[in-house]
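*Asks:* Sharing a model prediction with you, sequence too.
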2 protein chains.
Amino acid sequence: MSERIYTAGLVVIGDEILSGRTHDKNIAQVASWLQVQGIRLGEVRVVADIEAKIIAAVNALRAEHDYLFTTGGIGPTHDDITVDAIAKALGVPVVVHPEARAILERYYADKGGVNEGRLRMARVPEGAELIPNRMSGAPGIRIGNLFVMAGVPHITAGMLDALTGTLEGGAPLLSETIGGFIPESEVAGLLRATEQAHEGCQIGSYPFFKDGRVGSNFVIRSTDAEALASCAKALGEGLDAAGFAWEPGGIAPR
Amino acid sequence: MSERIYTAGLVVIGDEILSGRTHDKNIAQVASWLQVQGIRLGEVRVVADIEAKIIAAVNALRAEHDYLFTTGGIGPTHDDITVDAIAKALGVPVVVHPEARAILERYYADKGGVNEGRLRMARVPEGAELIPNRMSGAPGIRIGNLFVMAGVPHITAGMLDALTGTLEGGAPLLSETIGGFIPESEVAGLLRATEQAHEGCQIGSYPFFKDGRVGSNFVIRSTDAEALASCAKALGEGLDAAGFAWEPGGIAPR
């Protein structure tokens, strides 16, 4: 098992997210999926449907991370410019992918056939492979370690599913959660001391309000199962000593 | 009315978003709020609780936009490093803000008093003003055009509310108020649906208690006079349809 930490960047493309009209669901979805592949999401950038902005974000994050994912802007309309922007970022031309074209022709055969807009979705940066789309016609696009996916969350989910287990990742990140109706400000010192005493462990503190009471869940993360267990045990004992009741697994924030 | 387009950047700080454990709500919330102030959200970066990453994102986006907002990492625990990172980004020292300290001492007076962790929340970059926090003790921080806010969405909402109308934007914010002896909990769905159906409009609900009866005033805000009028009309009709009496201008809460 590799000790190397694999990281990914995510570029979310879409004016509708920046205007507040659409609530993004892809950040959490991609993040959770990456965790399971043993890859850490290192940074997300949300950019407008502006070619220069997409190119800048893609180039910055692909230089810094092992993998780069994008969501959004691969549909049939004039404002879907992700493919062109990514081709420019990579310095390759845009070509029609024959398999993508065949998929779209089949998919739209009983829906009025392909038209210019629909055929836009067969355009890919030269050298790309396709990511299957089980939900609708247009496939996602893979070019090396760059993955171009749909913006509609359930279509993105299908594309991620198709990629599951195919990416090289490091040791999967393990986590253990404990929590209770504990104000985080009363245990800040304990959290810090416990984290410091357990190398390779990280403790996140996530406050919540539930049924009119404040509480916190503490998530201990590590790639080392033994260190994780020992850190979680120490934190539980520390909370006991401070007189706080807690539950393994934490409190569902409702 | 100015023709200049004002833009803002947003840096969302928190490992919990990048791990997929917490679904971000602040991007949509800040985006919608900015729309109403006449300011466009130009880019969002989600970064981990790592000082260098926060500094890089803050410096990149503040150079590019009129305003910069951050959410997250201003709590009492060791992983709350936003204040230190921003002070470094601005090249100023971190100081204890006497008013913030007084607020925290009052807030925690009957909750066990301040301790080292809680007093961390009085630390600000030198030269900062406070943003009121109506929900819990710790205030947000304003340094020029940089706004440092909480990560917990309902606390962020309160801070945004305190800033409403105070920022110079591209178009002035207009508002219309209607209200009546209407319990807000009986019309929550109507308020949400009406707001969603009217782009660029925000509806605030302000409950009151008068002469032994509960009521609410609804404040519709927009930079677009036509959208505002249409939203106010739709809300009035919705209240009529639900059988609630209301008055233009609302009810003076006395």
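*Replies:* Noted; the coordinates are in hand.
*Asks:* I'd like the mean pLDDT over stretch A:184-198, please.
*Replies:* Averaging pLDDT along stretch A:184-198 yields 92.
*Asks:* from the middle of its chain, how far away would it be?
*Replies:* Relative to the centre of its chain, stretch A:184-198 is centred 28 Å away, using C-alpha atoms, centre = their mean, to the nearest Å.
*Asks:* cool, and stretch A:78-91?
*Replies:* 21 Å.
*Asks:* Can you list the neighbours in contact with that stretch?
*Replies:* Surrounding stretch A:78-91, the residues in contact under the criterion C-beta atoms under 8 Å, 6 or more residues apart in numbering or on different chains are A:13, A:15, A:49, A:51, A:54-55, A:58-59, A:62, A:70, A:72-74, A:93-94, A:120, A:123-126, A:141, A:143, A:146, A:148. To be clear about C-beta, it is placed using only N, CA and C from the backbone, and glycine gets the same treatment.
*Asks:* One more pass at 6 Å, please.
*Replies:* A:Ile13, A:Asp49, A:Glu51, A:Ile54, A:Ile55, A:Val58, A:Asn59, A:Gly73, A:Ile74, A:Val94, A:Arg123, A:Pro125 (C-beta atoms under 6 Å, 6 or more residues apart in numbering or on different chains).
*Asks:* residues touching A:Asp224, list them.
*Replies:* A:Gly200.
*Asks:* same question, A:Glu247
*Replies:* Shown in contact with A:Glu247 (C-beta under 6 Å, 6+ apart): A:Gly180.
*Asks:* Could you rerun that using 7 Å?
*Replies:* Contacts here follow C-beta atoms under 7 Å, 6 or more residues apart in numbering or on different chains; on that basis A:Glu247 touches A:Ile178, A:Gly179, A:Gly180.
*Asks:* Now secondary structure and distance to chain B too, for those residues, in a markdown table please.
*Replies:* As requested, the contacts of A:Glu247 are exported to a markdown table (DSSP: H, G, I helix; E, B strand; the rest coil; distance: C-beta to the nearest C-beta, whole Å):
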| residue | secondary structure | distance to chain B |
| --- | --- | --- |
| A:Ile178 | strand | 14 |
| A:Gly179 | strand | 12 |
| A:Gly180 | strand | 16 |
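*Asks:* among these, which ones are buried?
*Replies:* A:Ile178, A:Gly179 (16 or more other C-beta atoms under 10 Å in any protein chain shown).
*Asks:* Which one of the contacts of A:Glu247 is nearest to B:Ile39?
*Replies:* Nearest to B:Ile39 out of the contacts of A:Glu247 is A:Gly179 (C-beta to C-beta; 37.1 Å).
*Asks:* right, and that closest one touches A:Ile251 too?
*Replies:* Yes. A:Gly179 is within contact range of A:Ile251, at 4.8 Å (criterion: C-beta atoms under 7 Å).
*Asks:* who touches both of the two?
*Replies:* A:Gly215, A:Asn217.
*Asks:* Could you work out the most separated pair of the contacts of stretch A:78-91?
*Replies:* A:Asn59 and A:Arg123 (20.3 Å).
*Asks:* Show me which of the two is the more surrounded one.
*Replies:* Neighbours were counted for A:Asn59 and for A:Arg123 using other C-beta atoms under 10 Å in any protein chain shown; A:Arg123 has more, 19 against 15.
*Asks:* where are the low-confidence patches of the stretch 101-250 of chain A?
*Replies:* Scanning the stretch 101-250 of chain A for pLDDT under 70 picks out no residues.
*Asks:* at 80 what do you get?
*Replies:* A:116-117, A:134-137, A:171-173 (pLDDT under 80).
*Asks:* how about the nearest residue to the residue in it that chain B sits nearest to, chain neighbours excluded?
*Replies:* Closest to chain B within the stretch 101-250 of chain A is A:Ala188: 2.9 Å, counting by C-beta to the nearest C-beta. Counting by C-beta to C-beta, 6 or more residues apart in numbering or on different chains, B:Gly117 is the residue found nearest to A:Ala188 once chain neighbours are left out, at 2.9 Å.
*Asks:* Quick check: that neighbour vs A:Leu190, distance?
*Replies:* The gap separating B:Gly117 from A:Leu190 is 9 Å, by C-beta to C-beta, to the nearest Å.
*Asks:* Could you do A:Glu237 as well?
*Replies:* 10 Å.
*Asks:* quick revisit: JSON lines for the contacts of A:Glu247, including distance to B:Leu130?
*Replies:* Below are the contacts of A:Glu247 laid out as JSON lines (distance: C-beta to C-beta, whole Å):
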{"residue": "A:Ile178", "distance to B:Leu130": "34"}
{"residue": "A:Gly179", "distance to B:Leu130": "30"}
{"residue": "A:Gly180", "distance to B:Leu130": "31"}
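*Asks:* circling back: neighbour count for A:Glu237 and A:Leu190, which is higher?
*Replies:* Taking other C-beta under 10 Å, A:Glu237 and A:Leu190 do not tie; A:Leu190 has more neighbours (21 against 11).
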